[in-house]
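Asker: Structure, please.
(chains A and B)
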Amino acid sequence: MAQPKYTTHLGMVDILPDEIRKWQYLENLIREEAEKFNLEEIRTPIMEQTELIVRGLGQLTDIVSKEIFSFSRGEDNYVLRPELTAPVVRSYVENHLDQRGGSQKLFYIGPMFRAERPQKGRQRQFHQFGVEVIGSDDPVADVEVIAFMIHIYNKVGITNTSLKLNSIGDPESREKYKEALKAHLKPNFDKLSEVSQKRFEKNPLRILDSKEEEDQPFIESVPVITDYLSEESLAHYNKVKEYLQDLEIEFVEDPYLVRGMDYYTQTAFELISPDLGAQDALAGGGRYDLLVEEIGGQPTPAVGFAAGMERLMIACEELGIQLGTEKEVDVYVVTLGDEARKWGLKQLSLLRGNNLSATMDYMGRSMKAQMKDANRENARYTLIVGGNELAEGKFTLRNMKESEEQSLSLEEIIQKLKKD
RNA sequence: GAGCCCGUAGCUCAGUCGGUUAGAGCGCUAGGUUGUGGCCCUGGAGGCCGUGGGUUCAAUUCCCAUCGGGCUCCCCA
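Answerer: Predicted coordinates for the structure are as follows:
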């Protein structure tokens, strides 16, 4: 097709009317289920100060340099939020949410922005929902967060997932582990893939994620992080596993599941779907006991997850799960002639006033075309009016599914429709 | 940032070994039925064959570039 004059930016897509019902269905479902878990919604601005997002990302320069949308205006630096954990924590600290008492159990849904190369299930503007529980170091919080995450997918109908679980302990044990890992790999450094060799100094934990064939033999024999956990971390991890088992939530321990940022601690988890291709993570999360303090609050433990809406939808498509229902309208008013059209327009508000959805033709078309349109709009009834009906005060109500019609007064029609 | 594949109606796709008016199905629209949808029949609208350049008497077709899309690598807070 010829190039349109204006297009969306790379990796940004319109959500069109034909798909919006899926989104609304999912959003409603998430809000309803969150309510059951006593989670409260929080909405933060789309833009944050650059420093909030870049802070801590210091060493991960790839992210800063090529994956953040940012601009400045006067003295202020703006970024489009790439995730919501830091903004939610910022809000928690800025608004003194700890003063509400107890732990804060928060959830969110909304758009995020990352300037990455688009792939399947990865756009530059994408949507996440997630949970942040701030103020509890109890393994119960970890398990509730995981339970909610799984609950949503089960509710939607996605059950062929795999929950990967690990503990990455505190930064000190992770440092020790990194050294052990490097010591272990060093003798075979030359045999590692080029990518892994680069990671060796920069981010050795990422070698565990390597997709290169040649790395696999070395990864298999590597020491595992759980052997380097402190006593408290191990105890916490064991409790999490125990509670998950009590709840009959299946998980696979994955000692190679790690996190890049230093503020992550202890529990790490990921939900994987076989239906997604290269970007196979549906959701991921874990503990970040050091983040609140890093952002300027009191030392406060926290745990959460984030999940991709688009990926959820892709998984549903693969599995043939239909999200939501087809659109329909209660009454389509079909009119013949100017008088009838005028009358019909007026009745729309009467119908709507009785809590019915109602519409009519906007294009002055033939009766046949109006009927066809009513069919396309999935009308339950058509209300047909022409000169005869106007004269008699009785109107034709056609049940579109049954193909049956009755001649009724306006009041009878309203009564009948309200009963349905 | 790197690699591979792909760009023909709104959508899904034929097609042209380089040759005159570029096709189908679905969708849209009008009519067949001057007051009745889904099925059927007939007509119509809708394409600079993604864009720019090159080769050629001639390019939608071949070549190059570019833009866009897909998959993958890098990255994944």
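Asker: check contacts around A:N355.
Answerer: Residues counted as contacts of A:N355 (C-beta atoms under 8 Å, 6 or more residues apart in numbering) are A:K418. For every residue, glycine as well, the C-beta is placed using N, CA and C.
Asker: Distance of it relative to A:K327?
Answerer: Between A:N355 and A:K327 the distance is 17 Å, computed by C-beta to C-beta, to the nearest Å.
Asker: same thing with A:L290?
Answerer: Here A:L290 is placed at a distance of 48 Å from A:K327 (C-beta to C-beta).
Asker: low-scoring stretches of the stretch 51-200 of chain A, by residue?
Answerer: Judged by pLDDT under 70, the stretch 51-200 of chain A has its weakly predicted residues at A:56-66.
Asker: let's go with 90 and repeat that
Answerer: When residues are selected by pLDDT under 90, those of the stretch 51-200 of chain A lie in A:54-72, A:115-122, A:160, A:171-173, A:193-195, A:198-199.
Asker: just the strands in it please.
Answerer: Secondary structure of the stretch 51-200 of chain A by DSSP state E, counting those that start in this stretch: the strands cover A:70-73, A:76-80, A:104-113, A:125-134, A:162-167.
Asker: then the third one to CSV, C-alphas only?
Answerer: These are the backbone C-alpha positions of strand A:104-113, laid out as CSV (Å, rounded to 0.1, in the frame of the first residue of the first chain):
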residue,chain,number,x,y,z
GLN,A,104,1.1,-1.4,51.3
LYS,A,105,-0.5,-3.8,48.8
LEU,A,106,-0.5,-2.1,45.5
PHE,A,107,-1.2,-3.1,41.9
TYR,A,108,-1.1,-1.2,38.6
ILE,A,109,-2.0,-1.5,34.9
GLY,A,110,-0.6,0.8,32.3
PRO,A,111,1.7,1.6,29.4
MET,A,112,5.5,1.4,29.6
PHE,A,113,8.1,2.6,27.1
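Asker: Spell out whether that strand and RNA strand B are in contact.
Answerer: No: for a cut-off given as C-beta under 7 Å from any atom of the strand, strand A:104-113 has no contacts with RNA strand B; the smallest distance is 8.5 Å.
Asker: Same check on the shortest one?
Answerer: No: contact check for strand A:70-73 against RNA strand B, using C-beta under 7 Å from any atom of the strand: none in range, with a minimum separation of 10.3 Å.
Asker: which parts of that strand are buried?
Answerer: By neighbour count with 16 or more other C-beta atoms under 10 Å, strand A:70-73 contains the buried residues A:S70.
Asker: and if you look at the fourth one?
Answerer: The neighbour-count check on strand A:125-134 (16+ other C-beta under 10 Å) flags A:125-134 as buried.
Asker: the inter-axis angle of that strand versus strand A:104-113?
Answerer: Strand A:125-134 and strand A:104-113 are oriented at 160 degrees to each other (axes from the mean of the first three to the mean of the last three C-alpha atoms, to 10 degrees).
Asker: If I take strand A:125-134 and strand A:76-80, what angle do their directions form?
Answerer: For strand A:125-134 against strand A:76-80, the angle between stretch directions is 100 degrees (the same axes, to 10 degrees).
Asker: Only the C-alpha atoms, please, for strand A:125-134, written as PDB.
Answerer: As requested, the backbone C-alpha atoms of strand A:125-134 are provided in PDB (Å, rounded to 0.1, in the frame of the first residue of the first chain):
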ATOM      1  CA  GLN A 125       5.100   1.100  24.000                       C
ATOM      2  CA  PHE A 126       3.700  -1.900  25.800                       C
ATOM      3  CA  HIS A 127       1.500  -2.600  28.700                       C
ATOM      4  CA  GLN A 128       2.100  -4.200  32.000                       C
ATOM      5  CA  PHE A 129       0.200  -5.100  35.100                       C
ATOM      6  CA  GLY A 130       1.900  -5.800  38.300                       C
ATOM      7  CA  VAL A 131       1.900  -5.800  42.100                       C
ATOM      8  CA  GLU A 132       4.200  -4.200  44.600                       C
ATOM      9  CA  VAL A 133       3.800  -5.100  48.300                       C
ATOM     10  CA  ILE A 134       5.900  -2.700  50.300                       C
END
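Asker: Parallel or antiparallel, list what pairs with it.
Answerer: strand A:104-113 (antiparallel), strand A:302-308 (antiparallel) (DSSP bridges).
Asker: The shortest one vs RNA strand B: in contact?
Answerer: Right, the one you point to is strand A:302-308. No: Strand A:302-308 lies apart from RNA strand B when judged by C-beta under 7 Å from any atom of the strand; the minimum separation is 8.1 Å.
Asker: Need the residues that contact stretch A:29-43.
Answerer: Outside stretch A:29-43, the residues that touch it by C-beta under 8 Å, 6+ apart are A:88, A:91, A:104-110, A:129, A:131, A:144, A:147-148, A:151-152, A:155-156.
Asker: I should have written stretch A:170-179 there, sorry.
Answerer: Contact partners of stretch A:170-179, identified using C-beta under 8 Å, 6+ apart, comprise A:168-169, A:204-205, A:223, A:225, A:228-230, A:233, A:262, A:265-266, A:290.
Asker: How about the residues of the stretch 251-400 of chain A by RNA strand B?
Answerer: If contacts are counted using C-beta under 7 Å from any atom of the strand, the residues of the stretch 251-400 of chain A sitting beside RNA strand B are A:259-261, A:277-279, A:284, A:336, A:363, A:365-369, A:371-376, A:382, A:384-389, A:396, A:398, A:400.
Asker: of all of the stretch 101-250 of chain A, which residue lies closest to RNA strand B?
Answerer: Closest approach between the stretch 101-250 of chain A and RNA strand B, counting by C-beta to the nearest atom of the strand: A:K120, at 2.4 Å.
Asker: ok, back up a step: and the strands paired with strand A:125-134 as JSON lines, adding mean neighbour count?
Answerer: Supplementary listing: these in JSON lines, determined by neighbours: other C-beta atoms under 10 Å:
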{"stretch": "strand A:104-113", "mean neighbour count": "21"}
{"stretch": "strand A:302-308", "mean neighbour count": "24"}
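Asker: which stretch among those comes nearest A:L319?
Answerer: For the strands paired with strand A:125-134, proximity to A:L319 was assessed by C-beta to C-beta; strand A:302-308 is nearest, at 15.9 Å.
Asker: next one: the closest one to chain centre, how far?
Answerer: Distance, stretch centre to chain centre, for strand A:302-308: 10 Å (C-alpha atoms, centre = their mean, to the nearest Å).
Asker: Against which helices or strands is the helix or strand following it packed?
Answerer: On the C-terminal side of strand A:302-308, the nearest following helix or strand under DSSP states H and E is helix A:309-319. Contact partners of helix A:309-319 among helices and strands, from 3 or more C-beta pairs under 8 Å, 6 or more residues apart in numbering; DSSP states H and E: helix A:17-36, strand A:125-134, helix A:139-156, strand A:281-287.
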